[in-house]
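Engineer: A structural model of the following input is requested.
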Amino acid sequence: MKEKVALNQLATETRNQNTLDLDRLTPRQIARKINAEDLTAARAVQHANKEIGQVMLMAAQAYASKHKIIFMGAGTSGRLGILEAVECVPTFGTKPSDIIGIIAGGKKAIFRAQEGAEDSAPLGAADVTKTAKKGDLIIGITASGRTPYVMGALKKAQQIGAHTALVSCNGKADTSYADVHIFLPTGPEALCGSTRMKAGTATKMALNAITTGAMTLCGKTYHNLMIDVQPTNLKLVARATRLISEVAKTDEKTAQKLLKAAGMHVKTAVVMHCKKVNRQEAERLLKKHKGFLTRVIDD
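Structural biologist: Below you'll find the predicted structure:
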């Protein structure tokens with residue numbers, strides 16, 4: 001009974017007074033109602049910009065010092081963390097082991113709910129023990145701010161000397177084991193308790209900002225271009241070619257040749273052209289400047 005009362009006190013679990021008539025509306029009216037509620041997601045993220053910036057810096061420092069960034073959550077929260085981690089590989093050229101997403105219940109929980117996994121604090125602690133080390137950054141994700149799996153993970157993370165952050169939609173979340181709390185005040189869902197909706201949307205926006213900002217701070221972008229893209233398919237090869245053309249101010253055919261000569265590495269190709277050097281020298285210059293293209297070709 002105590003747990004039920006606690007849940008009833010959460011904004012994400014209360015009934016939304018704006019959608020009480022949801023089951024009596026036309027499809028278009030339902031769409032409008034849901035969209036109107038979704039608009040609050042961006043405002044919730046804006047509310048947390050200071051804390052998002054703090055975690056962004058923590059993530060950048062972890063990555064720069066060759067420590068892992070680990071997202072952990074259950075259900076929707078866990079899937080959002082996995083999505084964020086997976087997308088960093090093609091977008092920023094990170095290694096799969098650099099940024100990781102872990103979900104309560106393991107890989108099978110990605111596609112089908114594993115009931116009870118989120119209620120186990122020891123399971124969260126065990127997953128941290130298996131994956132994390134001192135200096136890593138553990139980002140716990142839980143809309144309610146109380147999921148035992150996440151709390152157990154953050155507690156163990158602090159015990160082993162890892163840095164911690166919590167992303168939640170509960171201003172009264174348990175922050176005992178979080179160095180920073182990103183509170184996203186999304187309020188009641190259009191469908192009571194379904195935090196896959198605007199709570200999930202706001203969480204995804206916050207995670208987008210954290211990883212994009214962290215990678216930018218680590219030299220993984222050039223101006224606002226994703227210069228470290230991995231050209232692993234035809235679309236990304238075309239994107240890489242366009243990037244080289246734009247930054248190096250050359251034609252597409254030349255850009256294609258540069259990309260191949262650079263071992264399919266965009267920044268190397270750009271430096272080769274702009275500095276009139278071979279691949280080896282371009283790689284040396286990038287390493288000297290810690291991967292920051294702007295320091296090589298702009299300064």
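Engineer: Now do the same contact list for the residue sitting nearest the centre point of the chain.
Structural biologist: A centroid search over the chain (CA atoms, centre = their mean) returns Leu207, at 3.5 Å, as the residue closest to the centre. Listed by CB atoms under 8 Å, 6 or more residues apart in numbering, the contact partners of Leu207 are Phe71, Leu80, Gly81, Glu84, Ile141, Val167. Heads up, the C-betas are built off the backbone N, CA and C, glycines and all.
Engineer: how about a cut-off of 7 Å?
Structural biologist: Counting by CB atoms under 7 Å, 6 or more residues apart in numbering, Leu207 makes contact with Leu80, Glu84.
Engineer: Quickly note the distance from it to Asp299.
Structural biologist: Noted for Leu207: a distance of 32 Å to Asp299, by CB to CB, to the nearest Å.
Engineer: for His273, same thing?
Structural biologist: Taken as CB to CB, the span from His273 to Asp299 is 17 Å.
Engineer: Of those two, give the one with the bigger neighbour count.
Structural biologist: His273 (22 against 7; other CB atoms under 10 Å).
Engineer: what helix or strand does that one sit in?
Structural biologist: Assigned by DSSP states H and E, His273 falls within helix 266-275.
Engineer: again, but for Ala85
Structural biologist: Assigned by DSSP H and E, Ala85 falls in helix 75-92.
Engineer: Now that helix: buried residues?
Structural biologist: Neighbour-count burial for helix 75-92 flags 75-82, 84-85, 87-88, 90-92 (criterion: 16 or more other CB atoms under 10 Å).
Engineer: Any chance you could list what contacts the next helix or strand after it?
Structural biologist: Going down the chain from helix 75-92, the next helix or strand is strand 99-103, by DSSP H and E. Applying CB under 7 Å, 6+ apart, the external contacts of strand 99-103 come out as 68-74, 78-79, 81-82, 84-86, 88, 109-110, 127, 131.
Engineer: Can you dump the C-alpha atoms of strand 99-103 in PDB for me?
Structural biologist: Presented in PDB, the C-alpha positions along strand 99-103 are these (Å, rounded to 0.1, in the frame of the first residue of the first chain):
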ATOM      1  CA  ILE A  99      29.100   4.700 -25.000                       C
ATOM      2  CA  ILE A 100      26.800   1.900 -23.800                       C
ATOM      3  CA  GLY A 101      23.100   1.400 -23.100                       C
ATOM      4  CA  ILE A 102      22.000  -1.200 -20.500                       C
ATOM      5  CA  ILE A 103      18.400  -2.200 -19.900                       C
END
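Engineer: domains of this structure?
Structural biologist: Described in terms of automatic domain parsing, the domain architecture of the chain consists of the residue ranges 11-217, 234-297.
Engineer: for this structure, where's the lowest mean pLDDT among helices and strands?
Structural biologist: In the chain, no helix or strand scores lower on mean pLDDT, DSSP states H and E than helix 2-8, which sits at a mean of 49.
Engineer: Any idea how far the next helix or strand along the chain from that one is from the middle of the chain?
Structural biologist: For helix 2-8, the following helix or strand on the C-terminal side (DSSP H and E) is helix 27-47. Offset of helix 27-47 from its chain centre (CA atoms, centre = their mean, to the nearest Å): 21 Å.
Engineer: Val237 - how many residues pack around it?
Structural biologist: 17.
Engineer: Revised request: answer the last question for Thr186.
Structural biologist: Using other CB under 10 Å, the number of residues around Thr186 comes to 27.
Engineer: these two touch, right, it and Arg43?
Structural biologist: No: contact between Thr186 and Arg43 fails when scored by CB atoms under 7 Å: they sit 8.8 Å apart.
Engineer: quick one on the thing from earlier: just want the angle from the helix or strand immediately after the helix holding His273 in the chain to helix 266-275.
Structural biologist: On the C-terminal side of helix 266-275, the closest following helix or strand by DSSP H and E is helix 279-288. If you take axes from the mean of the first three to the mean of the last three CA atoms, to 10 degrees, helix 279-288 sits at 110 degrees to helix 266-275.
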